[in-house]
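Novice: model the structure of this input:
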Amino acid sequence: MQLQRMLHHKDDVNMQTQNSLPSAQREKAHICDNDDLINKIMGILHRNTDNTIKEITTVLPLRNKEQTDEMQRKNKEFEEQAYEMRRKNKVLEKQINEMQSKNQKLQKQINEMQNKNKELENQLEKYKREALKTIERLTREASKYQAELGRTMNVRLSNDFNNSCQLREDIKTLKKNLETFSVVKPIKEFHIIRDNADRLLKLYNCTKPVDDGHYKLLLHAALQKFILKSTINHINQYFSRLNHSELEQKIGENTKTLLNNMDSFAKSRKGNDNITQNLPVRFRQQIYNVLSNSGFTSIVSPKGTAKHPFISELQELLIATMSDFRIVKDPNKEKIFKDMAAKLSLDIIRIFFFDLKAQEQIADPPAWFDCNARVNPDLMEGAFDPDNCQDEVVQ
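Specialist: From the prediction side, this is the model:
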């Protein structure tokens, strides 16, 4: 600014001087003025340069120092923060490692407990099966001993309860075996003889048109009824034969005679002792328990053991009956059915001709339900709702 003012002042002086001097003098004066001006300018420049250098050498280092100090202070803060963060990170890593270690230990304990629990469950299941087998064995032995020993003084303290419970279980087993024996599907294993099957369903008034699946269900049920009725009728004929050549026939006939005589004796003789009144019931129970246990089993002779001839007769009857309605395609399965027929024959005799008569009150013979009869949930099982079957009928 000072330099500019000097230049402007010089121009004004030159203008005034030039206007008052001659030309040569004006030129000389002009040169002298320029030299003075240059010297003055140079002096000002030197002073400005000195001031600038002084400022650079004094102010800038001070500012740089302040900035450096500020940067060092912030850097120190950052280092302290970084150190604190590293410290906290190490603490967190340590805690994480401890938690992972604890988690691994807990997981190991859980796995050990699960394995131990599984072992205990397996042991418990094993003990349970063994206990059930033991209970079944002891129950059979107890029933057997009670049937053999009994109590003659009090019929109601006998094994009648055990007999009735066992009878229910035997009937369930017979039902299951009969269902298996009379099966007619799948088609790859059995061929249904349709004409005979239709006649059987017509015999039981099952004449409604149905699909193939429903037809086989009806035939399966009809076969069970037909087999059971046919077998019972054949056994009745066997016991009605005049020539009682088998021991079971003789024992049954003699028991009937003795019971009739004992009943007449108790009614026609004076006395009020319990033995006379209870003996016929107790005697009947014991005799039919014996027949149920050993009747129609294998016959023992000096030559060895052999199947009872009447069981063989019933076995052939059952096989022939089923052969009228189905053809078994697998020979191995046909042999299984043949063996099953022998067991079915013996079970039917035991249940319907011995066990029913071994109860304190002789049970009624089996009742057969006709087609279209009302469903009775107390006496029947089937695909119906027991609480809502008022309109259901037997098919």
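Novice: residue 329 contacts residue 190, doesn't it?
Specialist: Yes - judged on C-beta atoms under 8 Å, residue 329 makes contact with residue 190 at a distance of 6.7 Å. Using the backbone N, CA and C atoms, a C-beta is placed for each residue, glycine as well.
Novice: settle it for me: which of these two has more neighbours?
Specialist: Higher neighbour count among residue 329 and residue 190: residue 190, with 17 against 12, using other C-beta atoms under 10 Å.
Novice: beta partners for that one?
Specialist: Beta bridges link residue 190 to residue 328, judged by DSSP bridges.
Novice: got the contact list for it?
Specialist: Listed by C-beta atoms under 8 Å, 6 or more residues apart in numbering, the contact set of residue 190 reads 183, 184, 326, 327, 328, 329.
Novice: now the buried members of those.
Specialist: Among the contacts of residue 190, those classed as buried by 16 or more other C-beta atoms under 10 Å are 183, 184, 326, 328.
Novice: so which of the residues you listed comes closest to residue 45?
Specialist: Ranked by distance to residue 45 (C-beta to C-beta), these are led by residue 183 at 127.4 Å.
Novice: skipping its backbone neighbours, what lies nearest that closest one in space?
Specialist: Counting by C-beta to C-beta, 6 or more residues apart in numbering, residue 220 is the residue found nearest to residue 183 once chain neighbours are left out, at 6.6 Å.
Novice: wait, is that neighbour part of a helix?
Specialist: Yes - membership of residue 220 in a helix is supported by DSSP: H, G, I helix; E, B strand; the rest coil.
Novice: I'd say it and residue 180 touch.
Specialist: No - with contact defined as C-beta under 8 Å, residue 220 does not count as touching residue 180 (10.5 Å).
Novice: just the pLDDT for residue 168.
Specialist: Per-residue confidence at residue 168 stands at 87 (pLDDT).
Novice: from residue 365, how far out is it?
Specialist: Noted for residue 168: a distance of 17 Å to residue 365, by C-beta to C-beta, to the nearest Å.
Novice: tell me the buried residues in stretch 116-134?
Specialist: For stretch 116-134, a neighbour-count test (16+ other C-beta under 10 Å) marks nothing as buried.
Novice: run through the neighbouring helices and strands of the helix or strand harbouring residue 251.
Specialist: Using DSSP states H and E, residue 251 maps to helix 247-268. Using 3 or more C-beta pairs under 8 Å, 6 or more residues apart in numbering; DSSP states H and E, the elements in contact with helix 247-268 are helix 212-239, helix 274-294.
Novice: what about the stretch 201-350 of the chain, any weak spots by pLDDT?
Specialist: Residues of the stretch 201-350 of the chain meeting the criterion pLDDT under 70: 242, 244-245, 271-273.
Novice: what lies in contact with stretch 327-344?
Specialist: Applying C-beta under 8 Å, 6+ apart, the set of residues contacting stretch 327-344 is 174, 177-178, 180-181, 188-191, 193, 227, 231, 307, 311-312, 314-315, 318-319, 322.
Novice: go again using 7 Å as the cut-off
Specialist: Stretch 327-344 is contacted by residues 177, 178, 181, 189, 190, 191, 193, 311, 315, 318, 319 when judged by C-beta atoms under 7 Å, 6 or more residues apart in numbering.
Novice: what about the residues you listed, which are in strands?
Specialist: Residues from the contacts of stretch 327-344 lying in strands, with DSSP state E as the criterion: 190, 191.
Novice: what would the helices and strands packed on helix 247-268 look like in TSV with distance to residue 369 and mean neighbour count?
Specialist: Shown next, in TSV, are the helices and strands packed on helix 247-268 (distance: least, C-beta to C-beta, whole Å; neighbours: other C-beta atoms under 10 Å):
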stretch	distance to residue 369	mean neighbour count
helix 212-239	9	16
helix 274-294	27	17
